[in-house]
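S.K.: What follows is a protein structure lacking sequence information:
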């Protein structure tokens, strides 16, 4: 049995108190929400903490507040994935978001996992997400204690993969988050929350707490999320495509496509978007534009399924997501 290491457990009642405890506890302190990612990582000694600051009793971080289809919607970071999945307002206003949330793991873990935790999910890799004994037997990788990336041994950087289901979709629809620190709040686009580095994968500062997620007003746009995995549940995506399309009659006014599960951050399919933007809607155009996502889908041998298969599936899943958005 893998056991948690020793740590001191804090249970603040407000977000401000949680941020203060983090600042006072030093660099060996971490926030914990549902714990579905952090606790297994601590058991395998991927991550460590001398202080764990639980957000379970911070009621201001829970709940869903929306103004209807014409307004924005704000979700507390401690709102569970299951609560989002079952909320009729979210289902009516943001069906693609519910589609992404419902594809996360299993009902059991969605009852515990939170939207804030899913956005800040640790990057994953076949060589990193193993027990401490397994990793010690081949030497540790650079993401944790070692000098080398076993996926790309000659590389100066880590290629661990961003594997959240909600991130590609939230990036595509233009969602934002609020971050709280001792210096106050700031609001940033979800798209700007990530960097292309398997170790330093977040732009969020260590002293900041993610408190809220802001969804844009639902209107004359549509979105979709399509996920590739070996099993119908439980598994992380080996490919996840979030797409957003705004139409102007029979033309595509604007489009955003993000590809998850193939890089350390959601991949921006810029060439696909450029081909579609301003063009009339046809199946041939969508198919040709989706093929342009083959190149930026930088699959590597660090997750489930073979690399060539995952890369070939990228244009197919981009086409499916765009076709759903356009009603093709």
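M.R.: All right, it came through fine. No experiment lies behind these values; they were computed from the predicted model shown.
S.K.: hey, let's count contacts and neighbours off CA atoms from now on
M.R.: Will do.
S.K.: so what does the longest helix along the chain touch, helix or strand wise?
M.R.: Secondary structure of the chain per DSSP state H: the longest helix is helix 307-326. Helix 307-326 sits against strand 221-228, strand 239-248, helix 283-291, with contacts defined as 3 or more Cα pairs under 8 Å, 6 or more residues apart in numbering; DSSP states H and E.
S.K.: With mean pLDDT, mean neighbour count and distance to residue 271 as added columns, please give those in CSV.
M.R.: Compiled in CSV, the helices and strands packed on helix 307-326 are given as follows (pLDDT from 0 to 100; neighbours: other Cα atoms under 10 Å; distance: least, Cα to Cα, whole Å):
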stretch, mean pLDDT, mean neighbour count, distance to residue 271
strand 221-228, 97, 24, 19
strand 239-248, 97, 25, 14
helix 283-291, 97, 17, 8
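S.K.: And these: which comes nearest residue 185?
M.R.: The minimum distance between residue 185 and the helices and strands packed on helix 307-326 falls on strand 239-248, with 27.8 Å, by Cα to Cα.
S.K.: What's the first helix or strand after the closest one?
M.R.: Following strand 239-248 in sequence order, the next helix or strand is strand 251-260 (DSSP states H and E).
S.K.: pLDDT averaged over that following strand - what is it?
M.R.: Model confidence over strand 251-260 averages 97 on the pLDDT scale.
S.K.: ditto for stretch 304-322
M.R.: pLDDT averaged over stretch 304-322 gives 96.
S.K.: For residue 327, report the pLDDT, please.
M.R.: At residue 327, the pLDDT value in this model is 95.
S.K.: do residue 212 as well
M.R.: pLDDT, the model's per-residue confidence, is 98 for residue 212.
S.K.: thought it was touching residue 74?
M.R.: Yes. In this structure, residue 212 sits in contact with residue 74. The criterion is Cα atoms under 8 Å, and the distance is 6.6 Å.
S.K.: which one of those two has more residues nearby?
M.R.: In this comparison of residue 212 against residue 74, neighbours counted by other Cα atoms under 10 Å, the higher total goes to residue 212 at 25 against 18.
S.K.: Checking that one next. Helix, strand or coil?
M.R.: strand (DSSP: H, G, I helix; E, B strand; the rest coil).
S.K.: For stretch 185-205, which residues meet the burial criterion?
M.R.: 189-191, 193-202, 204 (16 or more other Cα atoms under 10 Å).
S.K.: okay if I get those residues as TSV plus pLDDT?
M.R.: What follows is those, written out as TSV (pLDDT from 0 to 100):
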residue	pLDDT
189	98
190	98
191	97
193	98
194	98
195	96
196	95
197	96
198	96
199	96
200	96
201	97
202	98
204	97
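S.K.: Show me the one of the helices and strands packed on helix 307-326 that comes nearest residue 261.
M.R.: In this view, the helices and strands packed on helix 307-326 are compared for proximity to residue 261 by Cα to Cα, and strand 239-248 is the closest at 4.6 Å.
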